[in-house]
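# Predicted model follows, preceded by the sequence.
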Amino acid sequence: LLPNYAASKIALLQKKYPSKDALIGTLDTFLIFKLTNGKSFVTEHSMAARTQLYELIEQHWSSELCSLFSVELNRLATIESSTPKDIIAGELPLLAFLGDAQAALLNAVNSADGAVLNLGSIASVIVCTGSSPKFIPGFATSVLKHDSIAPSFILEGITNACGAVIDYLIKDL
């Protein structure tokens with residue numbers, strides 16, 4: 001468990017604010033909710049994957065993981081494509097919503113032959129694993145899903161695991 005994943009925080013906040021009207025989500029969810037004047041309570045697949053409540057293979061919220069963390073599944077944001085078609089912020093269409101690591105993930109998909117170094121809110125090394133996820137202890141696995149490409153999976157070494165990802169790239173790919 002890593003503190004930068006939201007499952008335990010969401011569980012705590014849902015317990016503190018038990019009303020079904022209390023919306024609790026990730027930072028992207030909050031920003032989109034505010035930008036759309038409360039009309040869209042959404043997240044995208046790679047941000048959902050970072051909560052520890054997302055089923056990577058099936059690409060939706062996991063009822064089993066929500067149960068383990070005591071999170072009410074029906075109070076989570078709707079998962080949308082990273083490039084939504086119908087979200088309007090003010091008078092402008094929202095064409096994409098990605099965090100820093102997710103933007104690096106998009107670049108990793110487009111750079112399938114190499115790795116991407118992400119120096120955003122956390123430091124990470126990202127490598128695209130293609131159309132199926134790989135699960136290696138000590139690495140985060142995430143997914144990018146948008147309308148123009150098939151889902152793509154990555155392995156990410158976060159902060160102190162960057163060296164291990166680089167070793168993996170050099171030795172095992």
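Perfect, thanks for sending it. Residues are numbered from 1 along each chain as shown.
# Buried ones in the longest strand anywhere in the chain, by neighbour count?
Using DSSP state E, we find that the single longest strand of the chain is strand 149-158. Taking 16 or more other C-beta atoms under 10 Å as the neighbour-count basis, strand 149-158 is seen to contain the buried residues 151-158. Placement of C-beta: from N, CA and C, glycine included.
# Show me the helices in the chain, by range?
7-16, 27-35, 45-49, 63-69, 100-110, 162-172 (DSSP state H).
# how near is the spatially most central residue of the chain to residue 142?
Nearest residue to the geometric centre of the chain (C-alpha atoms, centre = their mean): residue 47, 2.0 Å. Distance of residue 47 to residue 142, computed by C-beta to C-beta, to the nearest Å: 9 Å.
# Low-confidence stretches in the protein?
For the chain, residues meeting the criterion pLDDT under 70 lie at 1-4, 99-123, 145-149, 158-166, 168-169, 172-173.
# give me the number of residues near residue 133?
Counted with other C-beta atoms under 10 Å, the neighbours of residue 133 add up to 17.
# is it true that it touches residue 141?
Yes - under the criterion of C-beta atoms under 8 Å, residue 133 makes contact with residue 141 at 4.9 Å.
# overlap in contacts of those two?
Residues touching both residue 133 and residue 141 (C-beta atoms under 8 Å, 6 or more residues apart in numbering) are 56, 153.
# From residue 16, how far off is residue 62?
23 Å.
# More neighbours: which of these two?
residue 62 (20 against 9).
# got the contact list for the more buried one?
Neighbours of residue 62 in contact, by C-beta under 8 Å, 6+ apart: 53-55.
# Look up how far residue 5 lies from it.
13 Å.
# Kindly report the same for residue 137.
16 Å.
# just residue 127 next, same as before
20 Å.
# Kindly report the same for residue 50.
6 Å.
# Show me what the longest strand of the chain is packed up against.
Counting contacts by 3 or more C-beta pairs under 8 Å, 6 or more residues apart in numbering; DSSP states H and E, strand 149-158 is packed against helix 100-110, strand 123-130, strand 140-146, helix 162-172.
# same thing but 10 Å
helix 45-49, helix 100-110, strand 115-119, strand 123-130, strand 140-146, helix 162-172 (3 or more C-beta pairs under 10 Å, 6 or more residues apart in numbering; DSSP states H and E).
# Could I get the CA-only coordinates of the first one as CSV?
To tie it back to what came earlier, the one meant is helix 45-49. C-alpha atoms of helix 45-49 as CSV (Å, rounded to 0.1, in the frame of the first residue of the first chain):
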residue,chain,number,x,y,z
HIS,A,45,-9.1,4.9,-16.5
SER,A,46,-5.5,5.6,-15.5
MET,A,47,-6.5,7.9,-12.6
ALA,A,48,-9.1,5.2,-11.5
ALA,A,49,-6.3,2.6,-11.6
